[in-house]
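>>> below are the sequence and a predicted model; questions follow.
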Amino acid sequence: MRRLIIYSFLIFSIYSCTETLLPKQHAYPRLDFPKHDYKLWQSEGVPYSFEKPVYSIMEIDTAGSNWYNLTYLPFDATMHLSYKTFKNSLELDTLIHDSRNLVYKHTVKASDIIDAEITDSNGRSGMYFLIDGETATPYNFYLTDNKSKFFRGALYFNSYTTIDSVGPVIEFIKQDINHMIRSFKFE
């Protein structure tokens, strides 16, 4: 009787597993993007203003005077914003050179760096940098009034990411950054 139960169990276990086992597919969480909506951000004593996304918050960065962090709450990303003044064209050249160096340090992991000039009729100018690949910062820019004010922004994700998982988020945030650049004013 005991043998009959053992044989029955073995036969049942062999024939009961007819489904083919497959490895789990790799997936990414679904993201529901908020509507692009902006609100003017300005603070007393801060020499600049711009329209920021309503789903982000501004926090003071103690690393420098008039430095802030624009945190994108839904995406766990932060745009680090720094502000400096300069007295002459040599100091401006140094700030521009330093900004470019910070961007091009990512060439180790970047597959491409696209840069373009920013100019407007108010005398502002600057550059933005789109950095493709597995880099820490996919978007950087700087703006200057070409007289005495220099503003820089760098987008970082607060945790390790892969480019294919955050690609749609980067595209979404790029629209916000472009809006911020268009609405930016030195006071």
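Received, thanks. These numbers come from a predicted model, not from an experiment.

>>> state the pLDDT value of Tyr28.
Predicted confidence (pLDDT) for Tyr28: 59.

>>> swap in Tyr15?
64.

>>> who does the most centrally placed residue in the chain bridge with?
By C-alpha atoms, centre = their mean, the chain has its centre lying nearest to Leu155, at 3.7 Å. For Leu155, the beta-bridge partners are Met79, Tyr139 (DSSP bridges).

>>> residue contacts, it?
Leu155 makes contact with 77-80, 137-140, 170, 173, 177, according to C-beta atoms under 8 Å, 6 or more residues apart in numbering. In short, each C-beta sits where N, CA and C put it, glycine included.

>>> out of those residues, who has the most neighbours?
Using other C-beta atoms under 10 Å as the neighbour test, these are led by Pro138, with 27 neighbours.

>>> residues contacting the spatially closest residue to it that is not a sequence neighbour?
Spatial nearest neighbour of Pro138, excluding adjacent residues (C-beta to C-beta, 6 or more residues apart in numbering): Ile170 at 4.9 Å. Residues in contact with Ile170 (C-beta under 8 Å, 6+ apart) are 138-139, 155.

>>> who's the residue nearest to Asp145 when sequence neighbours are not counted bridged to?
Distances taken as C-beta to C-beta, 6+ apart put Phe186 closest to Asp145, at 4.8 Å, once the chain neighbours are dropped. For Phe186, the beta-bridge partners are Tyr48 (DSSP bridges).
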